[in-house]
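> predicted model, plus sequence, below.
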Amino acid sequence: MENTNQSSANKQLIALVTGANQGVGFQIAKALGENGYTVYVGSRNLSNGEKAAAEIGNNAHAIQLDVTDQATITATAAHIEQEHGRLGLLVNNAGISHSGKVTVGRSLEDAMQANRASVASLDEIRTVWETNVFGVVAVTQAMIPLLRKAPAARIVNVSSGLASLSWIADPNTWAREHFDIVYGASKTAMNAVTMAFALELEKDNIKVNAVSPGFTATALNNFQGTDSLEVGSREPVRVALDIDGPSLTFTGPEGQLQW
């Protein structure tokens, strides 16, 4: 007869959320914790992660994870492997909109002007893409062996409405003038990464989706977004919790988005 405690442990839902010490990532991790998940709160600064995990509850565990640092990615995968042997849900939430080098006194409008394709610093582009694109690839690649060991495994990539080339190309789109080569294009590239993983992992029954929080007031935009954190987190939380949902979707607060 199967040991009841072991059977219960095997059914435990295990999740990893990157950049989960604040903003949308924290809200996702909190919702997962409230819905019975053991959730790893990924944070570049372990102390910040520990504070967030303590606020979420006993089933949240801080883990030092910098998506641009392969050593911390490898260590995170090894830790989850040792503790649980599998991972049911990966939420690639960590993202930046600028390098942080020139932020004091700079408005969102000034930042967008500096990120225009004709003038953007290559160093700035590389820094943002390192987190928003290559970080997603690195973390996902490291976690795939663990995802393959879990039933109904999913990957959720936190994207942006700006990632939609179809939408941005429409002359009537209000955000058309805000598309830039630093942040906007990085999220478009991340959507392409989402597509590539989703197609490859179909045979493993691992679902991969992209989701936009909308224009949410977070550190990404110096808290100048028009939606509250609670409102902006609803769709990412819904997708993260949807075990039986489809794969290869790109959604936002108002529903389906164009790729």
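Thanks, I have the structure now. All values reported here derive from a predicted model rather than from experimental measurement.

> next, count neighbours for Q64.
By the criterion of other Cβ atoms under 10 Å, Q64 has 18 neighbours. C-betas here are computed from N, CA, C, even on glycine.

> thought it was touching V41?
No - judged on Cβ atoms under 8 Å, Q64 makes no contact with V41 at a distance of 10.2 Å.

> buried residues of stretch 57-76, list them for me.
Within stretch 57-76, the residues that count as buried by 16 or more other Cβ atoms under 10 Å are 59-67, 72-73, 76.

> narrow these to those in helices?
Judged by DSSP state H, helices contain the following of those: 72-73, 76.

> could those residues go into CSV alongside pLDDT and distance to I28?
Putting these into CSV (pLDDT from 0 to 100; distance: Cβ to Cβ, whole Å) gives the following:
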residue, pLDDT, distance to I28
T72, 98, 20
I73, 98, 19
T76, 98, 17
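
> T188 reaches W167, doesn't it?
No - contact criterion Cβ under 8 Å: T188 and W167 do not qualify, at 10.6 Å.

> tell me where the stretch 101-250 of the chain has strands.
Taking DSSP state E, counting those that start in this stretch, the strands of the stretch 101-250 of the chain run over residues 154-158, 207-211, 250-252.

> in JSON lines: the ones you listed, plus distance to L199 and mean pLDDT.
Output for the strands of the stretch 101-250 of the chain, formatted as JSON lines (distance: least, Cβ to Cβ, whole Å; pLDDT from 0 to 100):
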{"stretch": "strand 154-158", "distance to L199": "12", "mean pLDDT": "98"}
{"stretch": "strand 207-211", "distance to L199": "9", "mean pLDDT": "98"}
{"stretch": "strand 250-252", "distance to L199": "14", "mean pLDDT": "96"}
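
> residue boundaries of the helices in the stretch 101-250 of the chain?
For the stretch 101-250 of the chain, the helices defined by DSSP state H, counting those that start in this stretch occupy 108-114, 122-129, 135-147, 165-169, 183-201, 229-241.

> pick out the lowest-pLDDT one from the buried residues of stretch 57-76.
Lowest pLDDT among those: N59, with 95.

> ok, it - contacts?
By Cβ atoms under 8 Å, 6 or more residues apart in numbering, N59 lies in contact with 33, 36-39.
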